[in-house]
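Chemist: Show me how the following folds:
(one chain, ligands or ions: 2)
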Amino acid sequence: MAEIYKNLINGEWVGGDGVENINPSNISEVVGVYARGTVEDTKQAIAAAKAAFPAWSRSGILERHAILSKTAQEILARKAELGELLSREEGKTLPEGIGEVTRAAQIFDFFAGEVLRLAGEVLPSVRPGVGVEITREPIGVIGIITPWNFPIAIPAWKMAPALAYGNTVVIKPADLVPGSTWAIVDILHRAGLPHGVVNLVMGKGSVVGQTMLDSKDVNAISFTGSVGTGKRVATASIEVGRKFQLEMGGKNPTVVLDDADLKVAVESVAQSAFFSTGQRCTASSRVIVTEGIHDAFVDALCERTKNLRVGDALAKDTEIGPVVDPGQLKQDMDYIAIGQAEGATLRVGGNRVNAPTEGYFLQPTLFTEATNQMRISREEIFGPVASVIRVKNYEEALATANDTEFGLSAGIVTTSLKYATHFKRNAEAGMVMVNVPTAGVDFHVPFGGRKGSSYGPREQGKYAAEFFTVVKTAYTAAG
Ligand SMILES: NC(=O)C1=CN([C@@H]2O[C@H](COP(=O)(O)OP(=O)(O)OC[C@H]3O[C@@H](n4cnc5c(N)ncnc54)[C@H](OP(=O)(O)O)[C@@H]3O)[C@@H](O)[C@H]2O)C=CC1
Ligand SMILES: O=C(O)CCC(=O)C(=O)O
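Modeler: Ligands and ions are numbered 1, 2, ... in the order given. Here you go, the predicted structure:
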C-alpha cells in the first residue's frame, strides 16, 4: 500500500483513506495518494484554527517573519523537486512548474518582509487633547479555497499574507492537485508554525469546501475558481456576514494594431493564449486585430501555433503540456465544436495529439473570422483555444475588447504612445498589458479584475492587507 499524504489538523497529520493523484501526461502514473477529508475533519480544522488565533494574532513580528522567511528559503532550495511535482500533477511544462515554485518562494519572502513593515497612522482628533490611532488587525480564521491551475502560487499568495497579518488558516486545495499545497503546508509546519495556525484539509469542494462555507467560525474566505462556485461562496458568506474575496474567470482580449511590431504581437499572443495550456484566468482567448495588419499577423500566428511542441510536461523540448483532466479536455473539445458550428474558421489544431504515453494532449487551436458575439468569444474555455476577431480601427478594437462580462486582464500590442495611453485608461480590466502577454504577472503588485472576474479587494503585494486585515480607529484623551 502506497504512503498516504495526510491532512494537517491542529499540528497532527491525520486521515485514513486516500485518493490517487494522477499525472495528466501519463495517466498510468500515480503521483501520490492524498487523504480525502470529511465534514468532521473540516470542522476539527476550523475549531483548531479558531483556538490558535488568539495567541498567533498576538505573536511577535520576529517569530512570524522568521517562519515565513524560512519557508521561502526551503521552497526556493527545493524548486527543482517541487517544480517537477507540480508539473507531474498539473501538466505545466517543467520550466513553468519551476517558475511557479520560484514565484511561491518570492511571495513568502515578500510577506516575511511585510510583517516587519506593518504600520498604522496617528492623527489629531477634531477634539483638542484627543489623539486618533488607525491600526490594522487580523480578522480570525481564514478559509482558503484554491483551484487546480496554479497549485502552488495561488495557495502561497493567499496563505502568506493571511499568516503575515496574524490570521489562522484552513486551506482546501483543488482535489485534482493536492500535492503542491501539501508540500508547502509541510514546509510551513516544519518551519515552526504553532499547532492549529495552518490546517490543511484536502478533499472535495462539495464536502470540505461546503463545510467551510457553512461554518460561522470561518471569518473570511479567499477563493479562486469558477464563476459558479464563486457565487456560492458569495451567497453563503453574506448569509453568515463574513468577508469574502473572489477571483474567477476571464475572457481577456489582446488588441493588435496596424502599427504593432509583428514579432512582438505573435509572441505575445502565442504566450497568452497557449502557454500553460491556456489554463490561466489571465490567458488571452480573444485576439482583436485591425484590418491593416490582420492577414500578415494571422499567417505568422498560424505558423507559430502549428510549430508549438505539445507533449509530456517533463520532456525537455515540450512547450505545451497536457490539459489537466478528462473533464477539462471535454470542455475544450466541446468549445472547438461550438466554434465550428458558429461559423468561425478553424485555422490550426482542433484535435487531440498522440504521444508515447496516454495523456490529455490537445493541439493548440486557433480560430479566425470569429465575431465577438459567438460563444467562443464570450465564455471562458480555459484551454489552448483562441480566436481572432477582425476590426476596422482602434476605436472598434477598444469597444470590442470591453464588450465582455469579464475584466481581469487586457493587452494591446502597438508602437503608438497615443493608443497605448488611451488603452491603459479605457480598458475595463484590473490589469492592462502593453506589448507584454496578458498572463504571467509579478508577485509584488496587486492582482485582480473588474466586472464578473473578481469581487473584493485585490490580492498580492501590499494591497493584500486590505483583505486580510480589518481597520480599527482608536480615540484616546490625553487625560
Ligand atoms: N479563475 C481561475 O483561476 C480558474 C477558473 N476556473 C474555471 O472554472 C472551470 C471549472 O473548474 P473547476 O476546478 O471545476 O472550478 P471550481 O470552481 O469548481 O473549483 C475551484 C475550487 O472550489 C472548490 N469547490 C467546488 N465546489 C465547491 C463548493 N460547493 N463549496 C466550496 N468549494 C467548492 C473546488 O473543489 P474541488 O477540489 O472539488 O474541485 C476547488 O477547490 C474551469 O474550466 C475554468 O473555466 C478553474 C480554475 C481556476
Ligand atoms: O497569469 C498569471 O501569472 C496568474 C494567473 C492566475 O492566477 C490564474 O490563472 O488563476
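Chemist: how about the strands of the stretch 351-479 of the chain, start to end?
Modeler: Ranges of strands in the stretch 351-479 of the chain, per DSSP state E, counting those that start in this stretch, are 365-370, 385-391, 409-413, 431-434, 454-455, 469-477.
Chemist: Count the residues that sit near Thr234.
Modeler: Not quite, residue 234 is Ala, not Thr. 17 (other C-beta atoms under 10 Å). C-betas here are computed from N, CA, C, even on glycine.
Chemist: if I pick it, what's in contact with it?
Modeler: By C-beta atoms under 8 Å, 6 or more residues apart in numbering, the residues touching Ala234 are Phe244, Leu246, Tyr455.
Chemist: wouldn't the last one be in contact with Leu246 here?
Modeler: The one in question is Tyr455. Yes - using C-beta atoms under 8 Å, Tyr455 is in contact with Leu246, at 4.2 Å.
Chemist: For the two, list the residues in contact with both.
Modeler: Residues within reach of Tyr455 and of Leu246 at once, by C-beta under 8 Å, 6+ apart, are Gly230, Ala234.
Chemist: related to what we said a few turns ago, which one of the strands of the stretch 351-479 of the chain lies nearest to ligand 2?
Modeler: Taking C-beta to the nearest ligand atom, strand 409-413 is the member of the strands of the stretch 351-479 of the chain nearest to ligand 2, at 7.6 Å.
Chemist: quick one: strands adjacent to the closest one?
Modeler: Counting by DSSP bridges, the strands paired with strand 409-413 are strand 252-256 (parallel), strand 431-434 (parallel).
Chemist: what sits against Leu375?
Modeler: Quick fix: residue 375 reads Arg, not Leu. Here Arg375 is in contact with Tyr335, Ile338, Gly339, Glu342 (C-beta under 8 Å, 6+ apart).
Chemist: mind redoing it with 7 Å?
Modeler: Applying C-beta atoms under 7 Å, 6 or more residues apart in numbering, we find Arg375 in contact with Ile338, Glu342.
Chemist: interface residues of the stretch 51-200 of the chain facing ligand 1?
Modeler: Within the stretch 51-200 of the chain, the positions near ligand 1 by C-beta under 6 Å from any ligand atom are Ile145, Thr146, Pro147, Trp148, Asn149, Lys172, Ala174, Asp175.
Chemist: let's see 8 Å
Modeler: Contacts of the stretch 51-200 of the chain with ligand 1, taken as C-beta under 8 Å from any ligand atom, map to Ile145, Thr146, Pro147, Trp148, Asn149, Phe150, Ile154, Lys172, Pro173, Ala174, Asp175, Leu176.
Chemist: Output those residues in TSV; the columns should cover neighbour count.
Modeler: Below are these laid out as TSV (neighbours: other C-beta atoms under 10 Å):
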residue	neighbour count
Ile145	25
Thr146	27
Pro147	24
Trp148	21
Asn149	25
Phe150	25
Ile154	29
Lys172	30
Pro173	28
Ala174	25
Asp175	20
Leu176	19
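Chemist: Which helix or strand contains the residue most central in space within the chain?
Modeler: In the chain, the centroid-proximal residue (C-alpha atoms, centre = their mean) is Ile154; its distance is 4.9 Å. Using DSSP states H and E, Ile154 sits in helix 153-164.
Chemist: With adjacent residues omitted, what lies nearest to Asn426?
Modeler: In space, and not counting its chain neighbours, Asn426 is closest to Leu398: 6.0 Å by C-beta to C-beta, 6 or more residues apart in numbering.
Chemist: hang on, the earlier thing: just the buried members of the contacts of Ala234?
Modeler: Buried members of those, counted by 16 or more other C-beta atoms under 10 Å: Phe244, Leu246, Tyr455.
Chemist: which one among the residues of the stretch 51-200 of the chain next to ligand 1 gets closest to Ala220?
Modeler: For those, the minimum distance to Ala220 (C-beta to C-beta) is 11.6 Å, reached by Ile145.
Chemist: Dihedrals phi and psi, that closest one?
Modeler: phi -120, psi 120 (degrees, to the nearest 10).
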